[in-house]
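**Q** coords please:
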Amino acid sequence: MPTLDRTKANPWVLKTPPGTSGYTMHVDEKDGRKVLVCSVGSTVLFYDARCIDDLHAMLKAAGGWVDLGGADEQKPAKDGTVEAWGRSPDNPVGGWYGLKKGLRGRFGVYVPPLMEALGLCELEHNPKNNRMRARQGAKPGA
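**A** Sure thing, here's the model as predicted:
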């Protein structure tokens, strides 16, 4: 796993892929599990921190660009997208990486910019329909 050493006092300051909204992420522990805490205004979302390594592995296996497809938990995710993978029973955790019921979606919006900041992926920054792919030579933990 990449060095996930940011705390609430020193979070990553990120922007959504189109660059329209800012948010922060930091690492904490919840119920004995390392989690990513994503703060978007007054809304706080939690993602299982292992999603970084797992998503990187999925992108490497895909071998090319993958649509982000961000969607709220209550909306279906488009097949073949990062969002759909982040909630699929076929992913390594067997379902949602999002941990806060009602706010488990938006995985394809908030996790990719963190992966870009960690140097693990290339990420598009268009107004809509962004994609990501594993960065050549990037290795988790590097």
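**Q** low pLDDT regions in the chain?
**A** Confidence mapping of the chain against pLDDT under 70 gives the ranges 1-2, 137-142.
**Q** Got phi/psi on the spatially most central residue of it?
**A** Centroid-nearest residue in the chain: residue 111, 1.8 Å away (criterion: C-alpha atoms, centre = their mean). Main-chain dihedrals, residue 111, degrees, to the nearest 10: phi -80, psi -40.
**Q** Residue 49 is in contact with that one, correct?
**A** No - look at residue 111 against residue 49 with C-beta atoms under 8 Å: they stay out of range, at 10.3 Å. (Each C-beta comes from the backbone N, C-alpha and C, glycine too.)
**Q** Pull up the overlap in contacts between the two.
**A** With contacts taken as C-beta atoms under 8 Å, 6 or more residues apart in numbering, residue 111 and residue 49 have residue 36 as neighbours in common.
**Q** so what's the residue nearest to the centre of the chain up against?
**A** By C-beta under 8 Å, 6+ apart, residue 111 lies in contact with 36, 47, 51-52, 55, 82, 86, 97.
**Q** Helices of this protein, residue ranges please.
**A** Assigned by DSSP state H, the chain shows helices spanning 51-62, 82-85, 107-117.
**Q** Can you say which of those is nearest to residue 42?
**A** Smallest distance to residue 42 across the helices of the chain (C-beta to C-beta): 15.3 Å, for helix 107-117.
**Q** who touches stretch 75-93?
**A** So stretch 75-93 is in contact with 48, 50-51, 54-55, 57-58, 66-71, 73, 95-98, 104-109, 111-112, 132, going by C-beta under 8 Å, 6+ apart.
**Q** buried subset of those residues?
**A** Among the contacts of stretch 75-93, those buried by neighbour count (16 or more other C-beta atoms under 10 Å) are 48, 50-51, 54-55, 58, 66-71, 73, 96-98, 104-109, 111-112, 132.
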